[in-house]
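Student: Give me coordinates for this.
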Amino acid sequence: MPLRIADREYEVLRHLEALQLPAVSPVGIAEAPERETAILVTEYLAHSLQYRRLLMRFPLGPGPDRDRLLDAMAWLLVDLHRSGVFWGDCSLANTLFRRDGDRIQAFLVDAETSEVHPSLSDGQRAYDLEVLVENIAFGLADLAALQGRPDAFDEAVAAAESVRSRYDAVWAELHEEPELRAGDRFAVNARIRRLNELGFAVDEIELVPGSVPGRIRMRVAVTTRRFHSHRLEQLTGLVALEGQARLLLNDLREYQAWLESDEKVTLTREEGASRWLDEVLRPRLDQLAPAIGPHRDPLQAYCDVLETKWLLSEQVGRDVGLDAAIEHHLAQGAPAPEGSESGPALDLDAGSA
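Tutor: Numbers count the residues shown, from 1 in each chain. You can find the predicted model right below:
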């Protein structure tokens, strides 16, 4: 690409990396100054998929998997806009996806048209969102044609339009300033918990006088969407995506509660985390290893087992247990759309994924 564009894209990607935003990481630029051209090199994003490969592996048309992908696109744009990043060319083709527990995480790949500002105006956000909706509509329509559904254009447009409402809902949630009764600590805590559930850690809380006496307005500043992943890393040393971390922490807490009830003991969070790693996660990952191979994300594979356990338990009306879930999952071939992708393996003893 032209040298000046490569330099600008490299700086944007470095900015995104510094803010821990979901984007590919820049490695460097190979320049040819005499031709004023360059090649921008980014780090391989392990376990990732292009949207076509992801959706081609699932049933045609609407469904939970497509909904997760559309949610991921809306969340990605919210993450960028909150940090003053104008994408300029939002599309499915300029994005890579990773399965993230029971969700999907989107990563910006192409920042050629991106710009970094202290903050974005409503007009800049609206333009980016309009481009995203239009490009998603074309992307889904193109995929429908590949799948032999040329009549699905209207459906693709409607699905793309839903990204606008998904984006608006998350943006409103983050910027809402509710009026509460003065001294209503429960309402304040509930607001914090809701933001934590969405993956955001609360950085600052400001309480200012409301519109009427006896009421206060609550303003909240949040950090990047890594609340559960930070907590999991603190407890276990494991590095996971946000959705994976949320499921793994739930599994950890469930196991600790069972230990305390069964053994009539009280464990600290650190003790519970250590026993969960040694007695639950590591042994199960050893069971899964032959089926998933060295190039699959083992933490995602374990999250798939947790999902299988939930579905089987729901069918029979009782907890079937982890061993039965693993047996069933392995009998199905431990399926995953990214099964043949290459990437680094997990070193549990080093505490990294």
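Student: So which bits of the helix or strand residue 143 falls within are buried?
Tutor: According to DSSP states H and E, residue 143 maps onto helix 122-146. For helix 122-146, burial by neighbour count (16 or more other Cβ atoms under 10 Å) applies to 124-125, 127-129, 131-133, 135-141, 143-144. Heads up, the C-betas are built off the backbone N, CA and C, glycines and all.
Student: Please apply the same query to stretch 146-159.
Tutor: Applying 16+ other Cβ under 10 Å to stretch 146-159 flags 152-153, 155-157, 159 as buried.
Student: Report how many residues lie close to residue 303.
Tutor: 25 (other Cβ atoms under 10 Å).
Student: Who are the packing partners of the host helix or strand of it?
Tutor: Residue 303 belongs to helix 298-316 when elements are defined using DSSP H and E. Applying 3 or more Cβ pairs under 8 Å, 6 or more residues apart in numbering; DSSP states H and E, one finds that helix 298-316 makes contact with strand 95-100, helix 242-263, helix 282-292, helix 322-331.
Student: Contacts for that helix, please.
Tutor: 47, 98-102, 238, 240, 243-244, 247-248, 251, 281, 284-285, 288-289, 292, 319-322, 324-326, 328-329, 334, 336, 345-346, 353 (Cβ atoms under 8 Å, 6 or more residues apart in numbering).
Student: thinking again about what came up before, same list (the helices and strands packed on helix 298-316) but as TSV, adding mean pLDDT, distance to residue 196 and mean neighbour count.
Tutor: As requested, the helices and strands packed on helix 298-316 are arranged in TSV below (pLDDT from 0 to 100; distance: least, Cβ to Cβ, whole Å; neighbours: other Cβ atoms under 10 Å):
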stretch	mean pLDDT	distance to residue 196	mean neighbour count
strand 95-100	95	17	25
helix 242-263	95	10	18
helix 282-292	95	27	15
helix 322-331	94	26	17
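Student: want to try CSV for those, with distance to residue 207 as columns?
Tutor: Shown next, in CSV, are the helices and strands packed on helix 298-316 (distance: least, Cβ to Cβ, whole Å):
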stretch, distance to residue 207
strand 95-100, 34
helix 242-263, 28
helix 282-292, 45
helix 322-331, 44
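Student: And the ones you listed: which comes nearest residue 172?
Tutor: Smallest distance to residue 172 across these (Cβ to Cβ): 20.3 Å, for helix 242-263.
Student: From the chain's centre, how far out is the closest one? Work that out for me.
Tutor: 21 Å (Cα atoms, centre = their mean, to the nearest Å).
Student: helices or strands next to the helix or strand just after that helix in the packing?
Tutor: Using DSSP H and E, the helix or strand that follows helix 242-263 in sequence is helix 269-276. Helix 269-276 sits against helix 227-236, helix 242-263, with contacts defined as 3+ Cβ pairs under 8 Å, 6+ apart.
Student: Output the below-cut-off pLDDT ranges for the chain.
Tutor: By pLDDT under 70, the weakly predicted segments of the chain are 58-61, 339-353.
Student: picking that back up, distance to residue 42 added to the helices and strands packed on helix 269-276, as JSON lines?
Tutor: Shown next, in JSON lines, are the helices and strands packed on helix 269-276 (distance: least, Cβ to Cβ, whole Å):
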{"stretch": "helix 227-236", "distance to residue 42": "22"}
{"stretch": "helix 242-263", "distance to residue 42": "21"}
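Student: Quick check: which of these is nearest to residue 210?
Tutor: Nearest to residue 210, of these and by Cβ to Cβ, is helix 227-236 at 27.6 Å.
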